[in-house]
Every structure is written in structure tokens, then in C-alpha cells.
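S.K.: Here is my input; please provide its structure:
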Amino acid sequence: MGFDDHSRELGRTAWNNNLDKNQISGGEAGAKTAQPAWIAFMHQALEDVPEQRKQLPDDIVQVRIDRATGKLTNRTDYTSMFEYFERGTEPKEMVSDTGADGIFESDSSDELF
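M.R.: So this is what the prediction gives:
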């Protein structure tokens, strides 16, 4: 169970396990056991390190996609997320403006009330 991270300046890992190599039990998990040590370590490790934006490789692009369809979107709410693609493989089609890409559209003329 653990956390791992790296940057150009520093590589770091927080890892918890049993010395006898038995599986950790009793409700322990990485987020419960290793995370507190990870947070304490990272707080000190990054204390004097200025925040930097990660630079993407030239062949990687970041686009905002619709979570339900994977199509491009301009929405900035819970229905969208940023995703990374190898240049040329990113989605080209925009999600429709119906609010749910047609999920709630109906050809039925039945009235609700």
C-alpha cells in the first residue's frame, strides 16, 4: 500500500507493509495507512519548492470532454473533465447542446400531465 510521485528534482514513495510479508488486514488500506505519512512527508519535502505547472510532451494534448460520451465539450460543470490524448487521437466531435447529448430527447408527443 503506498503512494509514489516524482519530479525533475525529487522522487518519493510512501509504502506500508508487514515485515512477515503477510497481507495487511484489519481495514487498513493505502489511503488510511500510508496517506498520513505521505502528507506529512510531502508537506516538508515541498516546503521550499515553488509550485510549477507540469509541461506536457509535444505529442500530448489536453482537451475537455463530456464524461458520458467522451466527445469534446465546452461545459465546465460536473459533466465534463480534462483528458490527455496522443496528438491526433483526441476526439474531434462536439457533444450536442441538448444538455445530455440526446439522452432525454424523445419523439413521443405524449404529455406528462
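S.K.: any idea which helix or strand comes after the helix or strand bottoming out on mean pLDDT in the chain?
M.R.: Ranked by mean pLDDT, DSSP states H and E, the weakest helix or strand in the chain is strand 2-6, scoring a mean of 69. With elements assigned by DSSP states H and E, the helix or strand that comes after strand 2-6 is strand 11-15.
S.K.: Adjacent strands (with direction) for that next one?
M.R.: If you go by DSSP bridges, strand 11-15 pairs up with strand 2-6 (antiparallel).
S.K.: so what are the domain limits for the protein?
M.R.: Taking automatic domain parsing as the reference, the chain has its domains at 2-45, 56-91.
S.K.: quick check: mean pLDDT across the shortest one?
M.R.: For domain 56-91, mean pLDDT is 96.
S.K.: Just the buried residues of it, please?
M.R.: I65, D66, T69, L72, T73, T79, S80, P91 (16 or more other Cβ atoms under 10 Å). Glycine gets a C-beta too; all of them are placed from N, C-alpha and C.
S.K.: hey, what's the second one bridged with?
M.R.: Okay, so that is D66. With DSSP bridges as the rule, D66 is bridged to S80.
S.K.: S80 is in contact with that one, correct?
M.R.: Yes - between D66 and S80 there is a contact at 5.8 Å, judged by Cβ atoms under 8 Å.
S.K.: Report the set of residues contacting both of the two.
M.R.: Both D66 and S80 are contacted by T73, under the criterion Cβ atoms under 8 Å, 6 or more residues apart in numbering.
S.K.: quick one on the thing from earlier: pull the most distant pair out of the buried residues of domain 56-91.
M.R.: By the measure Cβ to Cβ, T79 and P91 form the most distant pair in the buried residues of domain 56-91, at 14.8 Å.
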